[in-house]
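Colleague: Provided below for reference: sequence and predicted model.
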Amino acid sequence: MKDYSILLYYCYAQIENPEQYREEHHLLCLNLNLRGRIIIASEGLNGTVSGLREDCEKYMAAVKADPRFAKTDFKIDYSDKHAFAKLHVRHKPEIVHSSLRNIDPNKRTGIHLEPEEFRKMKDQDDVVILDVRSDYEFSVGRFKNAVTLPIENFRDFPAKVDELKEKYKDKKILTYCTGGIKCEKASAFLLEQGFENVYQLHGGIIKYGQEAEGADFEGKCYVFDNRLTVDVNKVNPSIISKCYVCATPSDRMVNCANPTCNIHVAICESCGDKMQGACSVECKTNPEVRPYDGSGYYQKESNGYNPFKGLKREKVKN
Ligand SMILES: [Zn+2]
Ligand SMILES: [Zn+2]
């Protein structure tokens, strides 16, 4: 039995004083020994954390007990260890940087499809499956026949919609992303732009893997924790990405060991060993090169923020 849970979740809900709520939420996470990344904004919360199963249960109960977040849908995975080295709870203007700040998915968004509904609908003739994630994410895995966009960041999505309009305006659009959060605004934006039949995969690829066995998802799903990718497809799995160094099929996503390069690509195990985690000979011989531990994952520098600074620890425990 795996002792740890890894949670992925979001909730669009109005938070009156997000900075104050950030403090409160940070302490909740610290007291439960959670690690991961959480973003608090006036439009809601978005997080991915890991912790002991019982602590994650307490956390989910605490979040859902707040009426604002009662409808939060948690995607739960299990692991034998933490998936993060640290805890960051940040206040930002949006829970996903989108340049669509004015859109409120609670007012209008694409129709939510549960994984089984999505599976049944995705191969119909008048359907276009639209991946709203970034290039490094779909490069390692995506739905068969999905339309992908050459974007490095979700904030570049709106600029691509004109092209989509020309080609697919009269089709049924099925959007998907990792856990569903980007689709809330992406599908709302498509509706705003005049698309009429817009649907979104509720719970994203992660929930689709858990509830619909991941059928026709090719490759692996990129995730934002130290696993980097997870398996999704239990029915007809495949590998769609190639090793950046030797071009053999590989879905081992790594960051180049040279911190200045840091390119995020697939590098096979044998090239990883040979190149000590670097993407090129040039990067391998860079004086700044980071020690390769076989994972290709390097901890980001922390900003050193600790809410216990200036606070009495005993006070927090009560
Ligand atoms: Zn290779
Ligand atoms: Zn490199």
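Modeller: Received it, and whenever you're ready, just let me know what you need. Numbers count the residues shown, from 1 in each chain. Ligands and ions are numbered 1, 2, ... in the order given.

Colleague: switch to C-alpha atoms for all contacts and neighbour counts from now on
Modeller: Will do.

Colleague: what about Asp162, neighbour count?
Modeller: If you count neighbours by other C-alpha atoms under 10 Å, Asp162 ends up with 12.

Colleague: pretty sure Val161 is touching Glu192, no?
Modeller: No: with contact defined as C-alpha atoms under 8 Å, Val161 does not reach Glu192; the gap is 10.8 Å.

Colleague: between the two, which one's more packed in?
Modeller: Each of Val161 and Glu192 has its neighbours counted (other C-alpha under 10 Å); Val161 has more, 17 against 13.

Colleague: buried stuff in the helix or strand harbouring that one?
Modeller: Secondary structure here is read from DSSP states H and E; on that basis Val161 sits in helix 161-168. Across helix 161-168, burial judged by 16 or more other C-alpha atoms under 10 Å covers Val161.

Colleague: could we number from 7 for the rest of this?
Modeller: Okay, using 7 as the starting number, the last item reads as helix 167-174.

Colleague: and that helix, how far out from the chain middle?
Modeller: 25 Å (C-alpha atoms, centre = their mean, to the nearest Å).

Colleague: contact residues of this protein facing ligand 2?
Modeller: Contacts of the chain with ligand 2, taken as C-alpha under 5 Å from the ion, map to Cys262, Cys267, Cys285, Cys289.

Colleague: kindly recompute the last result at 6 Å.
Modeller: Residues of the chain lying close to ligand 2 by C-alpha under 6 Å from the ion are Cys262, Asn264, Cys267, Asn268, Ile269, Ala284, Cys285, Ser286, Cys289.

Colleague: need the residues you listed in CSV with distance to ligand 1 and pLDDT, can you?
Modeller: Shown next, in CSV, are the residues of the chain next to ligand 2 (distance: C-alpha to the ion, whole Å; pLDDT from 0 to 100):
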residue, distance to ligand 1, pLDDT
Cys262, 13, 96
Asn264, 17, 97
Cys267, 18, 96
Asn268, 17, 93
Ile269, 15, 92
Ala284, 11, 97
Cys285, 10, 97
Ser286, 11, 97
Cys289, 15, 97
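
Colleague: restricted to buried residues, select the residues you listed in PyMOL.
Modeller: Remark: buried members of those, expressed as a PyMOL selection using 16+ other C-alpha under 10 Å:
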select buried, resi 262+264+268+284+285+286+289
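
Colleague: keep only those of the residues of the chain next to ligand 2 that are in helices.
Modeller: The subset of these located in helices under the criterion DSSP state H comprises Cys289.

Colleague: isn't Tyr84 up against Val55?
Modeller: No: counting by C-alpha under 8 Å, Tyr84 stays clear of Val55, with 11.5 Å between them.

Colleague: more neighbours: which of these two?
Modeller: Neighbour totals were compared for Tyr84 and Val55, and Val55 leads with 25 against 18 (other C-alpha under 10 Å).

Colleague: could you find the closest non-adjacent residue to that one?
Modeller: The shortest distance from Val55 to any residue other than its chain neighbours is 4.1 Å, reached at Gly42 (C-alpha to C-alpha, 6 or more residues apart in numbering).

Colleague: same thing with Leu197?
Modeller: Excluding its sequence neighbours, the residue lying closest to Leu197 (C-alpha to C-alpha, 6+ apart) is Val204, at 6.8 Å.

Colleague: cool, Leu40 as well?
Modeller: With sequence-adjacent residues excluded and distances taken as C-alpha to C-alpha, 6+ apart, Leu40 is closest to Gly57, at 4.8 Å.

Colleague: does that neighbour belong to a helix, a strand or coil?
Modeller: Classification of Gly57 into helix, strand or coil gives strand, according to DSSP: H, G, I helix; E, B strand; the rest coil.

Colleague: does it touch Asn37 like I think?
Modeller: No: the pair Gly57 / Asn37 is not scored as a contact, 11.1 Å apart, by C-alpha under 8 Å.

Colleague: close to ligand 1: what parts of the chain are there?
Modeller: Near ligand 1, when you scan the chain using C-alpha under 6 Å from the ion, you find Cys249, Val251, Cys252, Thr254, Ile273, Cys274, Cys277.

Colleague: highest neighbour count among these?
Modeller: Using other C-alpha under 10 Å as the neighbour criterion, Ile273 leads these with 30 neighbours.

Colleague: list the contacts for it?
Modeller: Going by C-alpha atoms under 8 Å, 6 or more residues apart in numbering, Ile273 touches Lys248, Cys249, Tyr250, Val251, Ser256, Asp257, Arg258, Met259, Val260, Gly283, Cys285.

Colleague: okay then, goodbye and thanks.
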